[in-house]
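Novice: below is the sequence, then the predicted model.
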Amino acid sequence: MELRHLKYFVAVAEELHFGRAAERLHMAQPPLSQQIKKLEEELDVQLFNRTKRKVELTPAGALFLDEARLTLQQADRAKRIAVEAKAGIRGRLRIGFVTSACYSILPMLIRRFRQEHPFVDLDMLELTPQQQIEAMEQGTLDAGLLRPPVGPSCLLTKTLFEEPVLLALPSDHRMANEQAIDLRKMAEEPFVMFPRHHGPGIYDIIMKACHDSGFTPNVSYAPNQMQTLLAYVAGGLGVALVPQSLFVFHPGQIVYRPLKSKKVKVELAMISRREDENPQLEAFQALSAEVGREYASQFRRTPR
């Protein structure tokens with residue numbers, strides 16, 4: 001039994017006339033009658049009572065009509081979903097992200113994507129950069145938001161925005177009233193940094209900035225989450241170099257200051273597989289770039 005047989009049956013059942021049903025289906029009447037007869041033989045059920053004057057559904061035919069209509073509707077829906085998926089209207093994306101992305105573009109990106117693509121489901125996974133790279137290589141992730149650099153050549157990396165690195169100080173620190181701080185003066189300070197494996201990109205940038213200033217930071221605490229790192233700073237356990245997007249945390253307990261005479265920046269980038277042709281992903285990438293440009297425009301001012 002094929003879908004066309006159900007279409008033939010429904011047309012005859014609704015018209016209760018083989019001639020009119022044949023016209024509706026744009027076919028001759030004899031082949032239509034033959035197809036209905038074959039359908040009845042295949043089902044071993046009489047669907048119509050036929051006389052010279054009229055055609056009527058049998059009780060079995062009436063029940064079969066309801067199911068045939070549902071089947072055809074579901075087939076039409078499946079076809080429509082497939083077409084919409086090809087056009088990027090429907091689908092599912094698996095997106096990885098580092099924690100710090102939550103405090104910059106991620107909330108706005110998700111909100112706008114859901115508004116513009118309501119039939120594309122997003123599976124959001126909070127992962128370290130290395131976990132994202134491994135998931136991309138295994139094919140279990142469509143894209144990732146992380147801090148470069150990214151090693152594997154099979155992955156495409158596109159910078160979404162750059163943001164300054166600020167020095168986070170406890171509000172009662174001796175240099176908290178400075179408008180900008182020379183990083184060299186932090187050489188003897190205890191630093192709070194998360195381990196390199198948790199974010200090698202930003203870790204390497206911070207270490208290079210300290211080395212360029214003539215010292216290796218004395219890391220006293222190494223939490224695994226950025227929120228914990230800032231809580232340690234707020235508690236007076238040390239200082240930290242953090243992306244500017246985090247300056248909203250612990251107001252009154254932490255002051256955030258730009259570095260004097262040294263511009264240190266970190267990127268947030270999107271990774272994807274180079275040969276991944278996915279219309280939903282292309283839409284997500286385009287919107288990510290747009291939101292990234294909008295977000296970057298705010299870095300023209302320095303937080304106080």
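Specialist: It's in.
Novice: which residues in the stretch 51-200 of the chain form strands?
Specialist: When assigned using DSSP state E, counting those that start in this stretch, the strands of the stretch 51-200 of the chain occupy the ranges 55-57, 91-97, 120-126, 143-146, 155-170, 190-192.
Novice: ok, and which of these has the densest surroundings?
Specialist: Ranked by mean neighbour count under mean count of other C-beta atoms under 10 Å, the strands of the stretch 51-200 of the chain are led by strand 143-146, which reaches a mean of 26. For the C-beta atoms, the positions are set from N, CA and C on the backbone; glycine is no exception.
Novice: thinking again about what came up before, how about the strands of the stretch 51-200 of the chain, which one is nearest Gln298?
Specialist: Taking C-beta to C-beta as the criterion, strand 155-170 is the member of the strands of the stretch 51-200 of the chain that comes nearest to Gln298, at 9.0 Å.
Novice: can you dump the C-alpha atoms of that closest one in PDB for me?
Specialist: Listed next in PDB are the C-alpha coordinates belonging to strand 155-170 (Å, rounded to 0.1, in the frame of the first residue of the first chain):
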ATOM      1  CA  LEU A 155      37.900  23.400  12.700                       C
ATOM      2  CA  LEU A 156      37.000  26.900  11.400                       C
ATOM      3  CA  THR A 157      37.500  29.700  13.900                       C
ATOM      4  CA  LYS A 158      35.800  33.000  13.600                       C
ATOM      5  CA  THR A 159      36.300  35.800  16.000                       C
ATOM      6  CA  LEU A 160      33.100  37.400  17.300                       C
ATOM      7  CA  PHE A 161      34.600  40.200  19.300                       C
ATOM      8  CA  GLU A 162      37.600  41.300  21.300                       C
ATOM      9  CA  GLU A 163      37.400  42.800  24.700                       C
ATOM     10  CA  PRO A 164      39.900  44.400  27.000                       C
ATOM     11  CA  VAL A 165      41.400  42.600  30.000                       C
ATOM     12  CA  LEU A 166      40.900  44.500  33.300                       C
ATOM     13  CA  LEU A 167      42.600  44.100  36.600                       C
ATOM     14  CA  ALA A 168      40.100  43.100  39.300                       C
ATOM     15  CA  LEU A 169      41.100  44.300  42.800                       C
ATOM     16  CA  PRO A 170      39.400  44.000  46.200                       C
END
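Novice: and that strand, how far out from the chain middle?
Specialist: Averaging C-alpha coordinates over strand 155-170 and over its chain gives two centres that are 20 Å apart (C-alpha atoms, centre = their mean, to the nearest Å).
Novice: same check on stretch 150-160?
Specialist: Averaging C-alpha coordinates over stretch 150-160 and over its chain gives two centres that are 17 Å apart (C-alpha atoms, centre = their mean).
Novice: residues in contact with that stretch?
Specialist: Contacting residues not belonging to stretch 150-160 are listed as 105, 129, 133, 136-137, 145, 148-149, 267-274, 285, 288-289, 291-292 [C-beta atoms under 8 Å, 6 or more residues apart in numbering].
Novice: pLDDT weak spots in the stretch 101-250 of the chain?
Specialist: By pLDDT under 70, the stretch 101-250 of the chain contains no weakly predicted segment.
Novice: residue boundaries of the helices in it?
Specialist: Secondary structure of the stretch 101-250 of the chain by DSSP state H, counting those that start in this stretch: the helices cover 106-116, 129-138, 200-212, 226-234.
Novice: highest average neighbour count across the ones you listed?
Specialist: Ranked by mean neighbour count under mean count of other C-beta under 10 Å, those are led by helix 226-234, which reaches a mean of 20.
Novice: show me the contacts for Leu125.
Specialist: By C-beta under 8 Å, 6+ apart, the contact set of Leu125 is Arg94, Ile95, Gly96, Phe97, Ala135, Leu141.
Novice: one more time with 10 Å, if that's ok
Specialist: Leu125 is in contact with Arg94, Ile95, Gly96, Phe97, Gln131, Gln132, Ala135, Thr140, Leu141, Gly144, counting by C-beta atoms under 10 Å, 6 or more residues apart in numbering.
Novice: same deal with Pro258?
Specialist: Remark: with contacts taken as C-beta under 10 Å, 6+ apart, Pro258 is in contact with Pro164, Val165, Leu166, Leu167, Glu178, Gln179, Ala180, Ile181, Gln244, Val264, Thr302, Pro303.
Novice: list the contacts of the fourth one.
Specialist: Residues near Leu167 by C-beta under 10 Å, 6+ apart: 173, 175, 178, 180-183, 185-186, 189, 209, 233, 239-242, 255-260, 264.
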